[in-house]
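Participant: this one's structure only:
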């Protein structure tokens, strides 16, 4: 019995577990460790039209049960991502979700238009929630009307379904979800990181050169679970849930909250084998609990 | 090949102030084929500290399946690590990165090894390997003070060794670069590891026609996926070029990285 296979807009997933964008690069490093074809999908690192160096170092800082990062959307740019990274990923039997970022609407539209034509890109993840860039990113993800308009523009040009990645740094996440649904989004991925800061006691200054960074890891899980719980009751869109998942119990919790599939972020840094391990454990967990399919648990916390 | 293994602590001791020497045993040692590579280890099974810690490898004993690392107990991770005792287990990922090319020095040639503080340890295995193949090694080791100094005798057993301390409490007063200049030390190749400011000064010495430096930076994944530890290449017209210290390095050719 296949308890894990799942159909979502644009995506035929062998299983509902995938690495989250920014925590897996373009997969090359992890391919030394395990077969990438075992993954449900791969959310590749955010791609912008032009190459970006990102922020100065230090770019990461540890926090209780989590970490702050302020990479700043470093990537080799659209052209090289298509020619080198996506081309290289074609050797694996895994659908790619391409994370699309930009500074202004035109950037997003241009990247979405080109990257959605690539054969192994089965869906886009619209990054309107990166907290670490001066323009774009989160600026599109905190005002419902702006998010809706951007989603609309990207939907017009994309050849594959568009998922929108929501920021938790908003007053009302349900309002944001509804706005992107109105804009034509095919799905939601949530949550991106929470804006945080650490201050160095020796220097008296923020640890990160960008001053603030995005908080991720087990510390943010309760926030993510609460938000998935709220959003899943108020929209009809499928949700790829993420935020501090590192165990199979965490996956079950996100499922009960209302997520369809699950992305793994920071945990990849703690244990680079975590994705394949969770895929195997999830199947065992469902079998042990007499669950025929993961989707049976979806939203049980509020149904 | 990169492996993840629960390795067993063979021994641990404090060899200088807050400087610990830990020897670990396990099959992963078979994979360590070069000095200057590092391991990324989880200091605790708990969520605090959450992330792994990159630590350099100071000595490899393939026949015993053991390696030794020397680290400074400073933050939460390394302090937790320093409490481990013989028989305890440590979750180790490695070996990672590109190490020092031993083949850059030919038998009969002289290699100048310049280390500062906690950058000294990886030079020890390098020196052992170089000596094994008949390369003469000269060591210049810099420390804050006498209390913080370690392995000076171990290095002296392998070749001519100079020690510099900032306060002059051990060896000569000053920086490693002062010692190199004062004694007119030269080699066919230099290898260096230490704080970036020291590496920058070492590169400017031009004490050998070619050289290799090992960099340090805060790391996330340790394998090149998270882009936390990038640096600028020296030749970079667009400003968007980058090198990852964890996977392209930590050892680079002198002059390759904009320091």
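Facilitator: Happy to help now that I have it. These numbers were taken from a predicted model, which means no experiment stands behind them. Residues are numbered from 1 along each chain as shown, chains lettered A, B, ... in the order given.
Participant: neighbours around the closest residue to residue B:75 other than its chain neighbours, how many?
Facilitator: Nearest residue to residue B:75, sequence neighbours excluded (C-beta to C-beta, 6 or more residues apart in numbering or on different chains): residue B:49, at 7.7 Å. In short, each C-beta sits where N, CA and C put it, glycine included. By the criterion of other C-beta atoms under 10 Å in any protein chain shown, residue B:49 has 22 neighbours.
Participant: Just read off the phi/psi values of residue B:49.
Facilitator: Backbone geometry at residue B:49, expressed as degrees, to the nearest 10, gives phi -70, psi 140.
Participant: Is it correct that it is in contact with residue B:78?
Facilitator: No - counting by C-beta atoms under 8 Å, residue B:49 stays clear of residue B:78, with 9.3 Å between them.
Participant: low pLDDT regions in the stretch 51-200 of chain A?
Facilitator: Applying pLDDT under 70 to the stretch 51-200 of chain A picks out residues A:134-137.
Participant: now do 90
Facilitator: For the stretch 51-200 of chain A, the stretches with pLDDT under 90 are A:103, A:129-141.
Participant: same thing with chain B?
Facilitator: If you take pLDDT under 90 as the line, chain B has these spans: B:44-48, B:75-76, B:216-218, B:235-241, B:259.
Participant: Specify the residue ranges that define each domain of it.
Facilitator: By the assignment in automatic domain parsing, chain B contains the domains B:3-96, B:111-209, B:215-259.
Participant: How about the residues of the stretch 151-300 of chain A by chain B?
Facilitator: A:217-218, A:266, A:268-273 (C-beta under 8 Å from any C-beta of the partner chain).
Participant: what about the helices in chain B?
Facilitator: Counting by DSSP state H, chain B has helices at residues B:76-82, B:121-132, B:152-156, B:176-182, B:196-205.
Participant: Could you say which of those helices is packed most deeply?
Facilitator: Greatest average neighbour count among the helices of chain B goes to helix B:121-132 (a mean of 23), per mean count of other C-beta atoms under 10 Å in any protein chain shown.
Participant: Counting by contacts, list what that helix packs against.
Facilitator: strand B:59-61, strand B:66-72, strand B:110-116, strand B:136-143, helix B:152-156, strand B:189-193 (3 or more C-beta pairs under 8 Å, 6 or more residues apart in numbering or on different chains; DSSP states H and E).
Participant: Could you name the helices and strands sitting against the last one?
Facilitator: So that's strand B:189-193. So strand B:189-193, by 3+ C-beta pairs under 8 Å, 6+ apart, packs with strand B:110-116, helix B:121-132, helix B:196-205, strand B:211-214.
Participant: One more: the second one?
Facilitator: Counting by 3+ C-beta pairs under 8 Å, 6+ apart, the packing neighbours recorded for strand B:66-72 are strand B:19-25, strand B:53-56, strand B:59-61, helix B:76-82, helix B:121-132.
Participant: give the contact list for residue 93.
Facilitator: In the absence of a named chain, chain A is used. residue A:37 (C-beta atoms under 8 Å, 6 or more residues apart in numbering or on different chains).
Participant: that's the wrong chain, I meant chain B
Facilitator: Counting by C-beta under 8 Å, 6+ apart, residue B:93 has contacts A:272, B:2-4, B:39-41, B:52, B:222-223.
Participant: Distance to residue A:16 and neighbour count added to those, as TSV?
Facilitator: Shown next, in TSV, are the contacts of residue B:93 (distance: C-beta to C-beta, whole Å; neighbours: other C-beta atoms under 10 Å in any protein chain shown):
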residue	distance to residue A:16	neighbour count
A:272	20	25
B:2	27	16
B:3	28	16
B:4	24	17
B:39	33	25
B:40	28	26
B:41	31	23
B:52	27	25
B:222	27	28
B:223	25	25
